[in-house]
Structures are given as structure tokens and as C-alpha cells.
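[1] Sequence first, predicted coordinates after that:
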There are 4 protein chains.
Amino acid sequence: MLDSKSPVSSKPVHQPEAVVQPDKEALMKRLNRIEGQVRGVAKMISEDRYCVDILNQVAALQSALDAVAMALLENHTHGCMQGAIKSGNGDEAIDELMRVVRKFAR
Amino acid sequence: MLDSKSPVSSKPVHQPEAVVQPDKEALMKRLNRIEGQVRGVAKMISEDRYCVDILNQVAALQSALDAVAMALLENHTHGCMQGAIKSGNGDEAIDELMRVVRKFAR
Amino acid sequence: MLDSKSPVSSKPVHQPEAVVQPDKEALMKRLNRIEGQVRGVAKMISEDRYCVDILNQVAALQSALDAVAMALLENHTHGCMQGAIKSGNGDEAIDELMRVVRKFAR
Amino acid sequence: MLDSKSPVSSKPVHQPEAVVQPDKEALMKRLNRIEGQVRGVAKMISEDRYCVDILNQVAALQSALDAVAMALLENHTHGCMQGAIKSGNGDEAIDELMRVVRKFAR
């Protein structure tokens, strides 16, 4: 999401001044919960809990992180990337997007 | 990894009394670092950092978690699962393993 | 990639008349090789080959398919999606992109 | 799955003489269907079909292959790997399993 200064036009695509996520508060709450989940996994290990129970918690944690990543990607494509394409920096913005998508692709 | 009480024989496969991870201290240190990485991602969002920079940090965080999951799975297969197979509870332990592997499979 | 008729403007985003992949011949060659790899896996099963050797071939096959998917996604984002954004159908095209990205995300 | 000669005991874990998949016919039928799906994707590209429609077919193909991989892995763990553990070659067989699981893990 682009902030009101619309930084994409005169700056390189990959370094806008600021990008306010439209669901900023919700995203930060989700990361707080994820932080708690990480502490929970550490606690399970410290308490010598069964491996499979721990692995199930790690899988739940990964799903929560995947969902955050998809939310950020959605914000980015509708906001920054779309803005860059409209400003004529499309191919650069799309190359950047594809590099990030590859990191999350299987 | 099974602790010295070798709990697998008389208990159901999925609820041993205690499983001390052989690399318990190292795993807990890794989870502490991962907790810091989660806080770092939250901070980037609170500071309105660029989406792609945040996504790259989330990808790094996922890789760190994947590595923890594979370490736990390695401990589990060499320890608990192998113990269960030797104790004659092999098929049950392998079904349990496959359910967990599917969660981490693409 | 849009063909010369630039079908995106008057048609719904998801049904352009024709999309000629810019690397059409290369993509079809890759799919021919992948078809051969699938036959190779079937042959290994029919010859009672060792499971792990078969699984390694399936993993190689998946990597080859992942690469084709990323090539198609790259063509799509630079071509059709960018064209749709420039034609004012950006949000619809991006929603469509995100639905596809989620299928390939972990 | 081990065949009746139970080749694991005297041979190295990774090269049994023959492994008859218990669901051999069903697996080969599934691979025949997958081969048809690959040809279908090639045809879509040759007919200049819409990228997103092709990508959806590639995703379906990947799911079908994932399912075959999980079936082979299930056969392997219940059969060969369990046999190797009972024959005292557990750690070697588990290391081999983990190398394959990592290839299919995200």
C-alpha cells in the first residue's frame, strides 16, 4: 500500500519512503500471536513434550506465518506494485514481485 | 529421542511420558532467535517499512522454522519412531509419522 | 503475454481470446521432457525399482514442473496482468493473480 | 514394500533387488492419468490458452504428483524402512528417509 506521498514515481521501486499496511493493526496483532506460538513451541521442548505434538504446533505456526505472508503480498500487489505499473515502472516491479513469489513457492 | 525410561513400550505411541530432545539446548536457542525474528517483522510493519523487505524477512523466518521442524523430525524418526518399530508398534508409529510429514510436505 | 489484438480491454480479465506465450516452443519442449519423465517413473514402478530411487525421480519431476509454473507466471504478470492494470482492470487482475499464487505457495 | 525375497537383510539399504509396490497397478494407472494431464498442459500452450487457466491445470497436476509421492513414501516407510529397522539397519534407513522427506518438504 502506498502512503499519501506516493513515493514510487521518483524513487527506485524497491525503496519507497514509507508503506503503511492498510491492515497494520491487525497484522501486528497476528504477529504478536505468532510470537506467543513460538514461545509455546520453546516451552514444549523445555518440558520434554512428545516430538509429534511439538511438530504439530510448528505446522500451525507455519500456517499462521503463511497467512501473514499472503496478506502482505496482497497488500503489496494491489498497492505498491500496481502503483509502480501505473507509473511506468512495471517490469522492474514485476521482476521484484517474482523474486519474492519464488521464495514462497514450493 | 527417547529418554532413559524408554516410555514407548507400554504406553500408546503418541503419549510417551517425556521425550528429551538430544539437542534440546540448541533447539531452544534457535527458537529464541526465531522469536526475535518475529518481533523484527512486527517492528518493520510498525515502522511502515517496504512490503518486499518485510516479505524477505518472513521468508527467512520460515526457513529457520523449516530447519527446526526437520531437526525435530530427525530426532523423532531416529528416536521415538525407531523405538516404536523395535517394540512392535511400527505401523501405528509410521501412520503417525506420515500424518506429520504430510503437514510439512508441499 | 498479450497477442497483437490486446484482448484485455473489452473482455473479462480471465478470458482473453488468445495468449501466445513468448517462449511457446521452449515451454512445449519442456513439457515433452516432463511427459518423458512421467513415463520414466511409471516404468520404474513397473520394473519394481527401489522406492527411494522412484521418489527421487518424482522430486526431479516436481522441480521441472515448478520451473514451468514460474515461467508461465512470469509471462502472465509481465503480459496479461500488466496489460490489465494499464487498462484499468488492475484489482480484478491482481485478485486473479493472488488466487493462482496461493496454489503454488507453500 | 518388500517382495518375498526380503532383500533388505544382506544388501545395502538403498539397493534391494526388487520392491513390488503393493498398489502397483493403481499407481501405474495414476501415472498414466498424470501423463495425460501433462499432454493436456502442452496442448493448452499450443492452443494459446489463457495463462491462468494453464497455471490452474499445472497446479492440479502437481497435486496429483504430490499424492503419488505420498503413496510411495507410505509404502516405503511401512515396507522397506520398517524392514530395515527390524533388520538392524535403522539409522541408515532413517537417514535415507530424511533425505527424501526434505525433498518434498516445503
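    Done, it's in.
[2] Remind me which helix or strand the nearest residue to A:Ser46 once chain neighbours are set aside belongs to.
    Once flanking residues are discounted, A:Ser46 sits nearest to B:Met28: 6.2 Å by CB to CB, 6 or more residues apart in numbering or on different chains. Placement of C-beta: from N, CA and C, glycine included. Following DSSP states H and E, one finds B:Met28 within helix B:24-46.
[3] Distance from the helix or strand following that helix to the middle of the chain?
    As assigned by DSSP H and E, the chain's next helix or strand after helix B:24-46 is helix B:51-76. Distance of helix B:51-76 from the chain centroid (CA atoms, centre = their mean, to the nearest Å) equals 11 Å.
[4] Please see if the helix or strand following helix B:51-76 touches chain D.
    As assigned by DSSP H and E, the chain's next helix or strand after helix B:51-76 is helix B:82-86. Yes. For helix B:82-86, a contact with chain D is found by CB under 8 Å from any CB of the partner chain, at B:Gln82, B:Ile85, B:Lys86.
[5] so does helix B:82-86 get close to chain A?
    No. On the criterion CB under 8 Å from any CB, helix B:82-86 is out of touch with chain A, staying 10.9 Å away.
[6] Which elements pack onto that helix?
    helix B:90-104, helix D:82-86, helix D:90-104 (3 or more CB pairs under 8 Å, 6 or more residues apart in numbering or on different chains; DSSP states H and E).
[7] Ok, which of these comes nearest B:His78?
    Nearest to B:His78, of all the helices and strands packed on helix B:82-86, is helix D:90-104, at 5.4 Å by CB to CB.
[8] what angle do that closest one and helix D:51-76 make?
    Here helix D:90-104 points in a direction 170 degrees away from that of helix D:51-76 (axes from the mean of the first three to the mean of the last three CA atoms, to 10 degrees).
[9] quick check, helix D:90-104 touching chain C?
    Yes. Part of helix D:90-104 sits near chain C under the criterion CB under 8 Å from any CB, namely D:Glu96, D:Leu97, D:Val100, D:Lys103, D:Phe104.
[10] Can you select the buried ones among the residues you listed for me in ChimeraX?
    To isolate the buried subset of the residues of helix D:90-104 next to chain C in ChimeraX, counting by 16 or more other CB atoms under 10 Å in any protein chain shown, use the following:
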select /D:96,97,100,103,104
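[11] Nearest to chain B among the residues of helix D:90-104 next to chain C?
    Taking CB to the nearest CB as the measure, chain B lies nearest D:Phe104 of the residues of helix D:90-104 next to chain C, at 4.8 Å.
[12] and the nearest residue to that closest one once chain neighbours are set aside, what is it in contact with?
    Nearest non-adjacent residue to D:Phe104, counting by CB to CB, 6+ apart: B:Ala105, 4.8 Å away. Counting by CB atoms under 8 Å, 6 or more residues apart in numbering or on different chains, B:Ala105 touches D:Asp66, D:Ala69, D:Met70, D:Val101, D:Phe104, D:Ala105, D:Arg106.
[13] switch the cut-off to 7 Å
    If a contact means CB atoms under 7 Å, 6 or more residues apart in numbering or on different chains, then B:Ala105 has D:Asp66, D:Met70, D:Phe104, D:Ala105 as its contacts.
[14] for it, which residues make a bridge with it?
    B:Ala105 has the following beta-bridge partners by DSSP bridges: D:Ala105.
[15] how much space between the residue nearest to the spatial centre of chain A and B:Val52?
    Nearest residue to the geometric centre of chain A (CA atoms, centre = their mean): A:Ala69, 3.3 Å. Separation of A:Ala69 from B:Val52 (CB to CB, to the nearest Å): 12 Å.
[16] residues in contact with the nearest residue to A:Lys24 once chain neighbours are set aside?
    Nearest residue to A:Lys24 in three dimensions, chain neighbours excluded: B:Ile45, at 6.2 Å (CB to CB, 6+ apart). By CB under 7 Å, 6+ apart, the contact list for B:Ile45 reads A:Gln21, A:Lys24, A:Leu27, A:Met28, B:Ile54.
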